[in-house]
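Undergrad: Show me the folded form of this:
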Amino acid sequence: MPTSLPNSETEKKFEEYRHYLTYEATCLVSFINLFRRLYERRVDRLEEINIAPAFFQVTTNALLSAMILWADKLFDTKGERGIFNFLMFIEHNRNILAIEKLKRRKNYPEGHWMLNRDPITLEMINGDRRYIENLDCLQSITTLRDNFYGHFDKEYFFDRARMANEAPTWGDLEKLTVVISDVINRYSAAYDGQLFVLEPENINDLDYLLDSLHTCRKSQNN
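TA: Alright, predicted model coming up:
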């Protein structure tokens, strides 16, 4: 990775990287939350889901595949893009995250509370790396990606129970979304004070659809 770009080019690259990484992380959050919401709404909207069972089953399977693939892409330690490559970019370009650069970008006066922060250090970056590398679920995600979602391994193809048993838990998936949000926001705040909320874009759409079907069915039955 080049380390001698002019500051203006490095800053432009950071902003572009942050933009697309945030977008892809939001995709992962959306896949996870929509998948979980579909699972949860079976409790009170199963009859509505069963109006179009094939559609909802295909959608659920597609979301499961997307969750595994996006999590693997974003957290692959050797990925050409994703959170580890982003941290490498930060490591090689820590100068753009200096507190005096933040002061210049935002035209903050001396003593502004946003300038009262710890500087970005190599120790901080390596701490993020170690924390992510030690997440237990990453090995599970990589295994599922390699042995089923990337291509079919015969042991997983013929033993679907094994695949289910090795799948990450809801807690695992939630932790991934928290971690990637924390990392993006730590370095984004150091750059220009921006913080991003990785909110799913489609949860309300699903609830509106199922609740509208429920209301329609009730009116027809009365």
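Undergrad: per-residue confidence at the most centrally placed residue in the chain?
TA: For the chain, the residue nearest the mean C-alpha position is Ala25 (3.1 Å; CA atoms, centre = their mean). pLDDT recorded at Ala25 is 97.
Undergrad: again with Leu5
TA: Taking Leu5 on its own, its pLDDT is 50.
Undergrad: In which helix or strand does the nearest residue to Asn93 once chain neighbours are set aside reside?
TA: For Asn93, ignoring the flanking residues on the chain, the nearest one in space by CB to CB, 6 or more residues apart in numbering is Thr10 at 5.0 Å. Where you see a C-beta, it was placed from the backbone N, CA and C, and this is true even at glycine. Using DSSP states H and E, Thr10 maps to helix 7-49.
Undergrad: Run the angle between the following helix or strand past that helix and helix 7-49 for me.
TA: Moving toward the C-terminus from helix 7-49, the next helix or strand (DSSP H and E) is helix 53-75. Interaxial angle, helix 53-75 versus helix 7-49 (axes from the mean of the first three to the mean of the last three CA atoms, to 10 degrees): 160 degrees.
Undergrad: Can you work out which other helices and strands pack against the helix or strand following helix 53-75?
TA: Once the chain leaves helix 53-75, the next helix or strand it forms, by DSSP H and E, is helix 83-92. If you count contacts as 3 or more CB pairs under 8 Å, 6 or more residues apart in numbering; DSSP states H and E, helix 83-92 packs onto helix 7-49, helix 53-75, helix 122-133, helix 170-192.
Undergrad: now the shortest one: mean pLDDT?
TA: Looking back up the chat, that one is helix 122-133. Helix 122-133 shows a mean pLDDT of 96.
Undergrad: starting at the chain centroid, how far to the helix holding Thr10?
TA: Its chain's average C-alpha position is 6 Å from that of helix 7-49, according to CA atoms, centre = their mean, to the nearest Å.
Undergrad: and if you look at stretch 112-122?
TA: On CA atoms, centre = their mean, the centre of stretch 112-122 falls 25 Å from the chain's centre.
Undergrad: next one: stretch 119-137
TA: The answer for stretch 119-137 is 17 Å, by CA atoms, centre = their mean.
Undergrad: Touching stretch 144-157 from outside, list them.
TA: Residues from elsewhere that reach stretch 144-157 (CB atoms under 8 Å, 6 or more residues apart in numbering): 65, 68-69, 72, 162-163, 166-167.
Undergrad: Which residues are in contact with the residue nearest to Asn93?
TA: By CB under 8 Å, 6+ apart, the neighbours of Thr10 are 93, 95-96.
Undergrad: so where's this protein uncertain?
TA: Along the chain, segments meeting pLDDT under 70 span 1-6.
Undergrad: Phe35 against Thr60, yeah?
TA: Yes: with contact defined as CB atoms under 8 Å, Phe35 reaches Thr60; the gap is 6.7 Å.
Undergrad: Counting neighbours around each, name which of these two comes out higher.
TA: Phe35 (20 against 16; other CB atoms under 10 Å).
Undergrad: quick one, what contacts the more buried one?
TA: Contact analysis of Phe35 by CB under 8 Å, 6+ apart lists 60, 63-64, 67.
Undergrad: Neighbour-wise, which one of the residues you listed leads?
TA: Ranked by neighbour count (other CB under 10 Å), the contacts of Phe35 have Met67 at the top, with 25 neighbours.
Undergrad: wait, isn't it in contact with Ser30?
TA: No: applying CB under 8 Å, one finds Met67 not in contact with Ser30, separated by 9.9 Å.
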